[in-house]
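[1] I would like to see how this sequence folds:
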Amino acid sequence: MVEIKRQYSSSKLPPEVNRVLYVRNLPYIISGEELYAIFGKYGAVYQIRLGDKNKDTRGTAFVVYEDIYDAKAAVDHLSGFQVGGRYLVVLYYQPQKFEKRAQLKEREDELQELRTRVQNKKAAMEKKR
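    Next up, the predicted model:
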């Protein structure tokens, strides 16, 4: 680990690099212990949060490292790594993107609700004729 830190400490990190990683395309049956074994090879893992098994977040996880250079090493080495027949997608967590997605989902839901209201009003007007 010390060798990796020395190698990266002299270079400037890109602005999106942080200690929190977002992992997608995980096998649905993977356990937290297995993730600790995979991601722990690149440094001290502070926390791992697996997505819910019954919701849209299954197959995803957040991995938090204690050191930013360990997180960078994990992204560099584990992106595209095959686990359980699936290739991992390892990204730096960027809250702005997640907020935009949540706002987009809310707008889509609102638009669908408005469409339903308009269709109901048209149907009611058709019945009155």
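
[2] Now residue 49. Nearest residue, chain neighbours left out?
    Distance criterion Cβ to Cβ, 6 or more residues apart in numbering; nearest residue to residue 49, sequence neighbours excluded, is residue 62 at 4.5 Å. Any C-beta I mention is one placed from the backbone N, CA and C, and that applies to glycine too.

[3] List the backbone torsions phi and psi for the one you found.
    Backbone torsions for residue 62, taken as degrees, to the nearest 10, come to phi -110, psi 130.

[4] repeat for residue 90
    Main-chain torsions, residue 90, degrees, to the nearest 10: phi -110, psi 120.

[5] Then residue 59?
    Torsion angles at residue 59 (phi, psi; degrees, to the nearest 10) stand at phi 80, psi 10.

[6] since we're on it, how many residues are nearby?
    Close neighbours of residue 59, defined as other Cβ atoms under 10 Å, add up to 17.

[7] so where's the protein uncertain?
    Within the chain, the ranges that satisfy pLDDT under 70 run 1-11, 14-15, 97-99, 101-102.

[8] quick one, strands of it?
    Secondary structure of the chain (DSSP state E): strands at 20-24, 45-50, 61-65, 82-83, 86-87, 89-92.

[9] Enumerate every residue touching residue 42.
    Residue 42 makes contacts with 4, 65, 70, 71, 73, 74, 77, 78, as judged by Cβ atoms under 8 Å, 6 or more residues apart in numbering.

[10] The fourth one against residue 92, yeah?
    The one in question is residue 71. Yes: taking Cβ atoms under 8 Å as the definition, residue 71 is a contact partner of residue 92 at 7.4 Å.

[11] Give me the more crowded residue out of these two.
    Between residue 71 and residue 92, residue 71 has the larger neighbour count (other Cβ under 10 Å), namely 27 against 17.

[12] What separation is there between that one and residue 44?
    11 Å (Cβ to Cβ, to the nearest Å).

[13] Need the overlap of contacts for those two.
    Jointly contacting residue 71 and residue 44 under the rule Cβ under 8 Å, 6+ apart are residue 65.

[14] Spatially central residue in this protein, please.
    Nearest residue to the geometric centre of the chain (Cα atoms, centre = their mean): residue 22, 3.6 Å.
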